[in-house]
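J.: Requesting a structural model of the entry that follows:
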Amino acid sequence: MGHHHHHHGHSHSHNDLKGRNLLISIVLNIAITLSQVIGGILSGSLALLSDALHNFSDVLSLVISYVAQKMGKKQASKHRTFGYKRAEILAAFINASTLVIVAIILMKEAIERLVEPQEIKSNLVIWLALIAIAGNGFSVLLLKKDSEHNMNMKSAYLHLLTDMMASVAVLIGGVLMKYYQIYWVDAALTMLIGIYLIYMGYDLLKESTKVLMLFTPRTIEIEDIVESICTINMVKNVHHVHIWQLNEEEVHMEAHIDFTEDIKLSQFDEILEEIEEHVYHKHGINHVNIQPEFDKCDSKSVIVQD
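T.: Predicted coordinates for the structure are as follows:
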């Protein structure tokens, strides 16, 4: 059995920066949540209270992301041979789930408020919405870069981005209520925020679920990999293939390979190196585990149900 890693990780300083940015965002969101809860109760604004609820879910999601990011750096051990490399994917799954749950709660409350509109103290709503936009906007900028290539950071970023948008909606609602006495707009905007949260959360939930379920990454075509490996000298057949994503940085592949001759181990090592370089540069697979075979009587199907 031959296997190899192509290590491709981030530096410690980059991870420390990610952690620091998450901590700053946590502190900012705790302050915003507290101010919105007080303001929502005093003004009677559902949009403000629902925004506070979403902000509280932001705090929880940021804490989960922060803990997962720290855990992901822990070393492997005898009982945890992969370490905690899946921690960030799990965090992304939890955070995406909470986005969808929060959205459903918001929409339920919005329907109740549409049925029974209430007068709202709009001045307080406007000021608190402005504070939330500034705080969340700063947090969004802090996490934006890392969110582009990390599911965990993307889940935290989405919580903050949607919350910033929610605050913008609350601000618009506050202005309309102050100058035009349109009180139903508070609930209508809450409903729109909920729909947008479901739209954003579902996509991330789907992606993180695929990784947790060991699905083959959508960018990889197994047939193409099998065909290209079969062009290598002395390779007769590639079968019993598994390809999965461990986390954002590692894609693993294992397969059985039939050889045309009863080759030496030293020859196998040379061919294995060729396979590793090939699948890494063409398909981004950085951990390869190959079982060599010669005239073995087993299933030669590419996908074998274990």
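J.: part of a strand, is Ile290?
T.: Yes: looking at Ile290 with DSSP: H, G, I helix; E, B strand; the rest coil, it is inside a strand.
J.: What is the neighbour count of it?
T.: Using other Cβ atoms under 10 Å, Ile290 has 21 other residues around it. (C-beta placed from N, C-alpha, C; glycine too.)
J.: so it makes contact with Leu272?
T.: Yes: using Cβ atoms under 8 Å, Ile290 is in contact with Leu272, at 5.8 Å.
J.: for the chain, what's the longest strand?
T.: In the chain, assigned by DSSP state E, the strand with the most residues is strand 235-245.
J.: List the strands paired with that strand, with their directions.
T.: Sheet pairing for strand 235-245, assigned by DSSP bridges, gives strand 251-259 (antiparallel).
J.: Following the chain past the strand it pairs with, name the next helix or strand.
T.: Under the assignment DSSP states H and E, the closest C-terminal helix or strand after strand 251-259 is helix 265-283.
J.: Next, the angle strand 251-259 makes with that next one.
T.: Between helix 265-283 and strand 251-259, the angle comes out at 140 degrees (axes from the mean of the first three to the mean of the last three Cα atoms, to 10 degrees).
J.: Give me the buried stretch members for helix 265-283, please.
T.: By 16 or more other Cβ atoms under 10 Å, the buried positions in helix 265-283 come out as Phe268, Ile271, Leu272, Ile275, Glu276, His278, Val279, Tyr280, His283.
J.: Show me what it is packed up against.
T.: Applying 3 or more Cβ pairs under 8 Å, 6 or more residues apart in numbering; DSSP states H and E, one finds that helix 265-283 contacts strand 2-5, helix 222-230, strand 251-259, strand 287-293.
J.: Distance from the third one to the middle of the chain?
T.: Put plainly, it is strand 251-259. Its chain's C-alpha centre and that of strand 251-259 lie 28 Å apart, by Cα atoms, centre = their mean, to the nearest Å.
J.: tell me the pLDDT at the residue lying closest to Leu42 once chain neighbours are set aside?
T.: Nearest residue to Leu42 in three dimensions, chain neighbours excluded: Leu124, at 6.0 Å (Cβ to Cβ, 6 or more residues apart in numbering). Per-residue pLDDT puts Leu124 at 81.
J.: Which of the buried residues of helix 265-283 sits closest to Ala110?
T.: Closest approach between the buried residues of helix 265-283 and Ala110, by Cβ to Cβ: His283, at 46.0 Å.
J.: what bits of this protein have low per-residue confidence?
T.: Applying pLDDT under 70 to the chain flags residues 1-14, 47, 117-120, 306.
J.: For the chain, which segments count as helices?
T.: Here the chain has its helices, by DSSP state H, at 12-43, 46-71, 87-115, 122-147, 151-180, 185-212, 222-230, 265-283.
J.: what's the closest of those helices to Asp298?
T.: Distance to Asp298, taken as Cβ to Cβ, is lowest for helix 222-230 among the helices of the chain, at 16.1 Å.
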